[in-house]
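Asker: Got a sequence here, can you build the structure:
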Amino acid sequence: MLKYKKPAFWVVITAVIILVMCIALIINTLMNRTNLIGSNYRVEKVLYDTSLSHTTEKEPDFCITADYRLYTKAALDKAWEYVGKLETYPLTVEELEDYCSYNRGWASKYNVRQIADAYILRIPGDGSQDFYLAIQTGSGDTLLGYGWEDISERGQGASDDTSLQWLFLLVPTLPEHGADADFLDRSLAASVGESVTCFSFYENESAPGYMISGFITDGSTEKSDMGFAVFQFKDRRYKLKDYHLYINAAISKVPQIDSTIHDRIYIADTPAICNASGEATGGISFDVILSNNERLTSITRVVDGNQEITNTVGTNPSMTVFRRSTKDPERKIHYQFS
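Answerer: Residues are numbered from 1 along each chain as shown. Reported below is the predicted structural model:
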């Protein structure tokens, strides 16, 4: 006769430890999940289409910039057409299902189990309005929908006729490595001006998933202002974390000290911070030096009277970046130009 034996004490303890570790891993994953949606996109699949007329071959390309603005571009067009600014929207799975209630409209089998992030762009109309929905799913997919919003009866149950006309699955087309200057320019245009040109791109292994970009733009005169921006990126998708614009930095003149080499060189008064919180304390940050001086060949960081590191400058305009230390506030730091 077989007798039941209680599991050994160490087996129970091991099981509890494994369970705790699994829960901690899940919580840590959720806390560190970053929803990035900015990218150039093409239509990978038509998921839902009430007109039954959309195909992937006929659809335009879409761009959601790193600062959440929507653009479209037809297949034969070279220029992107601005549509509008996306605003955050608390979309639920149930609400999305209600918008896609026409069963014959489903062109592909697709289930949205979780919505991680959603944005809406309303196009004003008379008594009603069309709208776009940009959606980031829990599995990392990007969806774009277009529909009609019943403003007068919004949220009134069955009488609310708000619905989607189509829903597309998008795939990013930005390069996996390196920067797409055109996309970054477009992502800064609304903030610093349509004439913006990103001329330098910096990544550091100590801050994976972050890029610092130097830019120049029109201000008081053509190409008179400079600045830098910090982008967060993952899986070909970007988010603009921060930017700083310095008026007349590209044309500024300073009193001669050693030589005129100091003209048109600007040491940014704010560091580039490369962490999720955006706080310099305890995070990874960099000093940024912008130059529009064709004579500049190198910059040396001097700490407490000692030369710490020299970076070569090979282009004009240029952005030179030096990693900061947590000890910097206690030390004397300046830069030498040659």
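Asker: pretty sure D61 contacts L174?
Answerer: No: if you go by CB atoms under 8 Å, D61 and L174 don't touch, sitting 11.6 Å apart. C-beta: built from backbone N, CA, C; applies to glycine.
Asker: Overlap in contacts, those two.
Answerer: N40 (CB atoms under 8 Å, 6 or more residues apart in numbering).
Asker: And those two? Which one has more around it.
Answerer: A side-by-side neighbour count of D61 and L174, using other CB atoms under 10 Å, places L174 first with 20 against 17.
Asker: my read: that one touches R236, true?
Answerer: Yes: in this structure, L174 is within contact of R236 by CB under 8 Å, at 4.6 Å.
Asker: any residues in contact with both of these two?
Answerer: Common neighbours of L174 and R236 (CB under 8 Å, 6+ apart) are S39.
Asker: Specify the beta-bridge partners of K73.
Answerer: Beta-bridge pairing for K73 (DSSP bridges): D61.
Asker: pretty sure it contacts Y82?
Answerer: No: in terms of CB under 8 Å, K73 does not count as a neighbour of Y82; the distance is 10.6 Å.
Asker: I'd guessed K234 sits against I37; true?
Answerer: No: between K234 and I37 there is no contact under CB under 8 Å: 10.8 Å.
Asker: higher neighbour count, those two?
Answerer: Using other CB under 10 Å, the more surrounded residue of K234 and I37 is I37, with 24 against 13.
Asker: Let me see the contact set for that one.
Answerer: I37 neighbours (CB under 8 Å, 6+ apart): 64, 68, 117, 119, 134, 136, 142, 237, 239.
Asker: The same query, at a cut-off of 10 Å, please.
Answerer: 64-66, 68, 86, 116-119, 134-136, 142, 144, 170, 172, 237-239 (CB atoms under 10 Å, 6 or more residues apart in numbering).
Asker: Which members of those residues are positioned in strands?
Answerer: 64, 116-119, 134-136, 142, 144, 170, 172, 237-239 (DSSP state E).
Asker: most neighbours, which of these?
Answerer: I64 (29 neighbours).
Asker: Distance of that residue relative to A134?
Answerer: Distance, I64 to A134, by CB to CB, to the nearest Å: 6 Å.
Asker: go on, L52?
Answerer: 23 Å.
Asker: Could you pull up the residues touching the residue nearest to G84 when sequence neighbours are not counted?
Answerer: With sequence-adjacent residues excluded and distances taken as CB to CB, 6 or more residues apart in numbering, G84 is closest to L121, at 4.8 Å. Listed by CB under 10 Å, 6+ apart, the contact set of L121 reads 64, 68-70, 83-87, 89, 130-134, 146.
Asker: Okay, and L121 sits in which element?
Answerer: strand 115-123 (DSSP states H and E).
Asker: for that strand, the distance to its chain's centre please.
Answerer: Taking the mean of its C-alpha atoms, strand 115-123 sits 15 Å from the chain's own mean (CA atoms, centre = their mean, to the nearest Å).
Asker: Could you spell out the sheet neighbours of it, each with its direction?
Answerer: strand 87-88 (antiparallel), strand 129-137 (antiparallel).
Asker: can you list the domains in the protein?
Answerer: For the chain, automatic domain parsing gives the domain ranges 39-172, 181-337.
Asker: Mind listing the shared neighbours of K73 and Y82?
Answerer: What both K73 and Y82 touch, as defined by CB under 10 Å, 6+ apart, is the set C63.
Asker: which residues in the stretch 201-338 of the chain form strands?
Answerer: 210-217, 225-234, 237-246, 265-267, 272-273, 285-291, 298-303, 306-312, 318-323, 333-337 (DSSP state E, counting those that start in this stretch).
Asker: Against which helices or strands is the first one packed?
Answerer: Where contact means 3 or more CB pairs under 10 Å, 6 or more residues apart in numbering; DSSP states H and E, strand 210-217 is packed against helix 181-192, strand 197-202, strand 225-234, strand 237-246, strand 272-273, strand 285-291, strand 318-323.
Asker: could the ones you listed go into CSV alongside distance to G105 and mean pLDDT?
Answerer: Below are these laid out as CSV (distance: least, CB to CB, whole Å; pLDDT from 0 to 100):
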stretch, distance to G105, mean pLDDT
helix 181-192, 32, 97
strand 197-202, 41, 98
strand 225-234, 32, 97
strand 237-246, 28, 97
strand 272-273, 46, 96
strand 285-291, 50, 96
strand 318-323, 49, 97
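Asker: I'd like those laid out as CSV, including distance to Y266.
Answerer: Listed next are the helices and strands packed on strand 210-217 as CSV, based on distance: least, CB to CB, whole Å:
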stretch, distance to Y266
helix 181-192, 15
strand 197-202, 13
strand 225-234, 6
strand 237-246, 5
strand 272-273, 14
strand 285-291, 5
strand 318-323, 10
